[in-house]
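Trainee: Could you work out the structure for the sequence below:
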Amino acid sequence: MHARNYRPVRGQAYTRKKFARGFPPPKIVKFTMGDTKTNFDYEAKLVASKRVQIRHSALEAARVATNRVLMDKLVNDYLMQVHPYPHIILRENKMIFGAHADRLQQGMRRSFGKAIGTAARIEPDQVLITVRVKANAVETAKESLKRGSAKLPLPCKIVVEKLQSPDVNDKAETETA
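Mentor: Numbering: from 1, shown residues only. Below is the predicted model of the structure:
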């Protein structure tokens with residue numbers, strides 16, 4: 001089966017792992033990369049523009065592509081987060097095609113299918129990946145998100161926002177109160 005068969009959102013989400021035995025775990029294992037303790041100036045977001053399902057392998061490919069650009073140019077001076085978690089179980093009723101296949105397959109009899117992977121359901125305007133950087137690395141963050149969006153099966157837009165820096169005076173007032 002092709003990944004495009006699982007892209008449209010159809011029916012109810014199948015997420016009950018208690019009943020689905022033997023499905024492969026998601027390929028994406030790290031959701032937060034970079035420096036988690038530093039305060040950054042800007043946040044670049046990769047925002048979805050359509051409702052779609054993204055397979056776990058596509059999310060991992062986008063994470064690797066985005067992280068590679070950031071690692072090459074910024075070493076460890078960034079914070080990248082992947083937001084959607086692939087929790088929907090995908091099933092496939094495997095069919096054998098070719099000569100004499102009619103003797104081997106059962107057609108639609110007991111066609112519930114075997115679990116073949118997981119996917120994440122994405123809504124329009126949902127944030128997929130965020131990258132936080134210093135002021136001098138905004139272009140690098142935009143370039144990395146553009147590379148990551150090429151691995152995803154939907155059109156995305158990149159939004160850059162300036163983060164609110166914690167003011168020293170406000171911090172002193174809250175500590176004394």
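Trainee: Could you find the residue nearest the spatial middle of this protein?
Mentor: With distances taken as Cα atoms, centre = their mean, Leu59 lies nearest the centre of the chain, 4.0 Å away.
Trainee: Shouldn't it be within a helix?
Mentor: Yes: when DSSP: H, G, I helix; E, B strand; the rest coil is applied, Leu59 is found to be in a helix.
Trainee: got the contact list for it?
Mentor: Pro26, Lys27, Ile28, Val82, Pro84, Pro86, Ala120, Leu152 (Cβ atoms under 8 Å, 6 or more residues apart in numbering). In this view, the C-beta of every residue, glycine as well, is placed from N, C-alpha and C.
Trainee: now the residues you listed as TSV including pLDDT, neighbour count and secondary structure?
Mentor: Below are the contacts of Leu59 laid out as TSV (pLDDT from 0 to 100; neighbours: other Cβ atoms under 10 Å; DSSP: H, G, I helix; E, B strand; the rest coil):
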residue	pLDDT	neighbour count	secondary structure
Pro26	79	18	coil
Lys27	86	16	coil
Ile28	82	21	coil
Val82	94	23	strand
Pro84	93	21	coil
Pro86	89	23	coil
Ala120	91	22	strand
Leu152	93	21	coil
